[in-house]
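need the 3D shape of this:
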Amino acid sequence: MSDPSVKAVLGPTNTGKTHLAIERLCAHSSGMMGFPLRLLAREVYDRVRAIKGNSTVGLITGEEKILPPQARWLICTVESMPMERDVAFVAIDEAQLGSDPERGHVFTDRVLNVRGREETMILGAATLAPLIRALLPEAEIINRPRFSSLSYAGPKKLSRLPSRSAIVAFSAEEVYGIAEMIRRTRGGSAVVMGALSPRTRNAQVAMFESGEVDYLVATDAIGMGLNLDLGHIAFASLSKFDGKRQRRLYTSEMAQIAGRAGRHQRDGTFGVLAGGARQPDFTEIEIDRIENHRFAPLDHLYWREADPDLASIDTLIASLEAQPDHQSLRAAPEAIDLAVLKRLSEDGEIRELVRTPRRVARLWEVCGLPDFRHLGVEFHARQVMQIFRYLETGSGFIPADVMASELARLDTVQGDITALTGRIAAVRTWAYASQRRDWLAEAEHWAERARALEQRLSDALHEKLTQRFVDRRTTLLVRSMAGDASSLDVRFADTGPITVEDEPLGTLDGFDLRIDHATRLEDRKRFAAAIERRLPGEIERRAQLLVGGADRDFTLSTLSGKPVTIIWKGTEAARLQRGRTLLAPAIVPHPALARLPAELRAKVLLRLENWFQNFIQTRLAPLHQFKRLSRDPEMPAAIRAILASLISTAGHCMRAALDASLESLPPQDRRRLRQAGIVIGALDVFHNGLLKPEATRLRLALLSVNRDLPMPPLPMPGLTLLDQPSAELAASAREAGYRDFGNQMVRIDLVERIARALHDQRDGKGAFLPDTQIAVQLGVGQATLGRIFRALGFLPACKGNPELWRWNGRRRRKPQEAKSNPSFAALRGWMKRDAN
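Residues are numbered from 1 along each chain as shown. Presented below is the predicted three-dimensional model:
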């Protein structure tokens, strides 16, 4: 006997499943519906609110909560459904998403465990039926036929698409490119993507539904419950990147999207977008299955323990990775929350902090913060870690000044579509946090701030989308057809955009001209001709600004793998090439500046040279001091030879290479070297100031330029030890001032401090026990420390006790700097100063 309280309503799109569920929800005294998307939840919330009134209907999503005190009907995203809520009716939409590798385990848990007192309705594709029978044998399965027919219409060119068509692409770049083409040829289109906020999406859809535009360009987000008046679906591609690989769409995915064509009793069609060398198309089998709704049934749903063991981090991870006990269930692949938890479990500070089940539960709760910005595990884990620290230290809340500064940073409507979309994603993070009442002291205040900011950014994004993809370029092209390029009004903005007849058609970033590649080839030539006529005057104007610009407008770009360049106001102005000496590289201005009049070109070069020399003289002052001293005729020849060697290697040399010169130096000459800041170490000769991060960056830049090589990778600023660096990083680290000791590299000033500490502790050549605690805390492994000791001339005192060492070198004066009591304990203070 089937249990009539659990119903599985299954079928293709356009079967009225959601409408039926809303009717049943409203027929009960209370209820709750879970949806896969915030966009869809918001749409259904508005529909139910119109029936039941504002005071009795609530909306709960990760980033938004509208929960009146008397709310009896709740519309939620699946993840946000309040499991403890006792309601008469429950519905779960798009339950076939239990087979999704990333979120499937959440849908599976709701299907198996969430029930209404009187009725539960599971909505999904017909492919879910065998699994419903296997997992919920008591459920009644109701098959819903499609209201209208769906047929294949073949390939169609963009110019031949019927009105009320949607074009589906699978990347933002492709969506934007197609929307641009429609704008030029058909007057404009609305844009719908999963990254849009509900407010922006609704505004875009409203343009389409009102007839302001006849076309819609969307990602596969259109396939999830958006009810639109569409007659035809055209696929721009039949493959997508699923987070791991580029693959062809499954037939069920094709059908989910194609099924959006045709509403109620009106038939729909689907096909592909014709044109291009790699035009996609459906196979005969795919067409037959989509038209007749015949698909292979699902054979599993993904499952993960919904009530994990919170005794410790390790037991939590183990329970989350447990295997299901039903053959129709599979263990869920590692989702972002579990990946972040594993990453944080590797952090000793976190493990020290998380020692109680309450804190384990709190950590797991914070790991549930969605990666709205799609930064990946490493970067997302850092944000999760920071929030967790706020919650478990200090006041126990995210500080108000942190919330204020984060929202203030995002509170600008400037920038392009990508920038606004990125800001909205970032705001969603803080909107999510503000919905957790125990994360913020004034959660309601911050929730309102985040909601208002998201609305402002959403309105700005809608305006940007409309400006870019609706009508104006078509008007411009038609108007310009009768004239020549010289008649077009071309304007250059200081911020980069170039407008022709007030329409943005390219950018001039500094001196780099880029015509919008979305413009058709014949139009691009026409606009480029107009721009080229005005370009020399604009380049001259900007060159004058460069000549008279302040030093703060310039900087040196040292991106790994790229040429070393001088940047003016954020864009390249010149490149460095090998010159007469290491400290005097040649400066080659941007090619666009080569066409300047000779007098102005000379002024530009002089300004660049003056800035660069001042820049490196202030930051590499020791090298310039070495240069002056090496040219002093009163300076002894041996000192000048040492200084010349240091200059040629950009600031440090192995002592062995200079031993001949050093041995012959009398005490007064050694004092001269020390007065110049030169450290004569046990293994290396160097200047401490040249090992600082900025000096290191510039030294490596000069060396790479002098060798006609791109900029090498830089060690992370402040690191005195590199653990198993790559071959490329190891090579640049040696130039930066690190020494190899097995699979670790140690900065030479730390090696010298270790040497001074050892000599300070030893008593002649007798055995002694070095104090190695601080060195080990700095990350120096025991094997590495042993190699350092041996390189410094120390040997194990006896085989039976490897911790005892003795001095094996000839008697030598302790390093001059040792008078400052350099013990290993003193290294702690030095490290703090060095980090600052």
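
report the contact partners of residue 290.
Residues in contact with residue 290 (Cβ atoms under 8 Å, 6 or more residues apart in numbering) are 150, 152, 251, 254-255, 258, 270, 282. Every residue, glycine included, has its C-beta placed from N, CA and C.

so it, which state does it fall into?
helix (DSSP: H, G, I helix; E, B strand; the rest coil).

and the residue nearest to it when sequence neighbours are not counted, how many residues sit next to it?
Closest residue in space to residue 290, ignoring its immediate chain neighbours: residue 255 at 4.7 Å, by Cβ to Cβ, 6 or more residues apart in numbering. Using other Cβ atoms under 10 Å, residue 255 has 24 other residues around it.

hey, which strand is longest across the chain?
The longest strand of the chain (DSSP state E) is strand 571-581.

which other helices and strands does it contact?
Helices and strands touching strand 571-581, by 3 or more Cβ pairs under 8 Å, 6 or more residues apart in numbering; DSSP states H and E, are strand 565-568, strand 584-589, helix 598-619, helix 693-706.

contacts for the helix or strand following the longest one next, please.
Secondary structure here is assigned by DSSP states H and E; on that basis, the next helix or strand after helix 598-619 toward the C-terminus is helix 621-630. Here helix 621-630 makes contact (Cβ under 8 Å, 6+ apart) with 583, 616-617, 635, 639-640, 643-644, 646-647, 650-651, 676-677, 687, 689-690, 695, 699.

list the buried residues for the helix or strand encompassing residue 112?
Using DSSP H and E, residue 112 sits in helix 104-113. Buried residues in helix 104-113, counted by 16 or more other Cβ atoms under 10 Å: 104-112.

nearest to residue 321 among the residues you listed?
Nearest to residue 321 among the buried residues of helix 104-113: residue 105, at 11.6 Å, using Cβ to Cβ.

pretty sure the closest one sits against residue 302.
Yes. Assessed by Cβ atoms under 8 Å, residue 105 is found in contact with residue 302 at 4.9 Å.

okay, and the common contacts of these two?
Shared contacts of residue 105 and residue 302, counting by Cβ under 8 Å, 6+ apart, come down to 98, 332.

about what we covered before: okay, the contacts of residue 290 in JSON lines with pLDDT next?
Listed next are the contacts of residue 290 as JSON lines, based on pLDDT from 0 to 100:
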{"residue": "150", "pLDDT": "90"}
{"residue": "152", "pLDDT": "94"}
{"residue": "251", "pLDDT": "91"}
{"residue": "254", "pLDDT": "92"}
{"residue": "255", "pLDDT": "90"}
{"residue": "258", "pLDDT": "91"}
{"residue": "270", "pLDDT": "95"}
{"residue": "282", "pLDDT": "93"}
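
filter those residues down to just the ones in helices.
Among the contacts of residue 290, the residues falling in helices (DSSP state H) are 251, 254-255, 258.

and the end-to-end length of stretch 23-31?
11 Å (Cα to Cα, to the nearest Å).

so for it, what gets flagged as buried?
Residues of stretch 23-31 classed as buried: 24-25, 28, 30-31 (neighbour count, 16+ other Cβ under 10 Å).

which two from those end up farthest apart in space?
Taking Cβ to Cβ as the measure, the buried residues of stretch 23-31 have their most distant pair in 24 and 30, spaced 12.2 Å apart.

which residues do the two both contact?
Common contacts of residue 24 and residue 30, defined by Cβ under 8 Å, 6+ apart, comprise residue 89.

coming back round to it: would you turn the buried residues of stretch 23-31 into TSV with pLDDT and secondary structure?
Converted to TSV, those look like this (pLDDT from 0 to 100; DSSP: H, G, I helix; E, B strand; the rest coil):
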residue	pLDDT	secondary structure
24	95	helix
25	96	helix
28	96	coil
30	96	coil
31	96	strand
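
which of these lies closest to residue 209?
Closest approach between the buried residues of stretch 23-31 and residue 209, by Cβ to Cβ: residue 25, at 24.2 Å.

picking up where we left off before, ok, of the contacts of helix 621-630, which come out buried?
Buried residues within the contacts of helix 621-630, counting neighbours by 16+ other Cβ under 10 Å: 583, 616, 639-640, 643, 646-647, 650-651, 676, 687, 690, 695, 699.

next step: the residues you listed restricted to helices.
Residues of the buried ones among the contacts of helix 621-630 located in helices (DSSP H): 616, 639-640, 643, 646-647, 695, 699.

and of the residues you listed, the nearest to residue 243?
Once Cβ to Cβ is applied, the member of those that ends up nearest residue 243 is residue 699, at 41.3 Å.

correct me if wrong: the closest one contacts residue 650.
Yes. Using Cβ under 8 Å, residue 699 makes contact with residue 650 at a distance of 4.1 Å.

ok, then the element right after the helix holding residue 112?
strand 119-124.

strand partners (parallel or antiparallel) of that next one?
Using DSSP bridges, the strands paired with strand 119-124 are strand 3-10 (parallel), strand 89-92 (parallel).

for those, which one sits closest to residue 35?
Taking Cβ to Cβ, strand 89-92 is the member of the strands paired with strand 119-124 nearest to residue 35, at 8.6 Å.

gap between residue 98 and residue 84?
Noted for residue 98: a distance of 22 Å to residue 84, by Cβ to Cβ, to the nearest Å.

which of these two has more neighbours?
Ranked by neighbour count (other Cβ under 10 Å), residue 98 and residue 84 place residue 98 first, with 30 against 4.

grab the nearest non-local neighbour of the more buried one.
Of all residues not flanking residue 98 in the chain, residue 301 sits nearest, at 3.7 Å (Cβ to Cβ, 6+ apart).

between the buried residues of helix 104-113, which sits nearest residue 371?
The closest of these to residue 371 turns out to be residue 106 (Cβ to Cβ; 15.1 Å).

got a list of what the closest one touches?
For residue 106, the contact set (Cβ under 8 Å, 6+ apart) comprises 78-79.

could you give the number of residues near residue 174?
Residue 174 is flanked by 16 other residues according to other Cβ under 10 Å.

cross-check the contact I'm expecting between it and residue 235.
No. Using Cβ under 8 Å, residue 174 is not in contact with residue 235; the gap is 11.2 Å.

could you look up the SS state of the residue positioned nearest the centre of the chain?
Nearest to the geometric centre of the chain sits residue 375, at 3.3 Å (Cα atoms, centre = their mean). State at residue 375, reduced to three classes by three-state DSSP: coil.

so how far is the helix or strand where residue 424 lies from its chain's centroid?
Using DSSP H and E, residue 424 sits within helix 417-434. Chain-centre distance of helix 417-434: 13 Å, with Cα atoms, centre = their mean, to the nearest Å.
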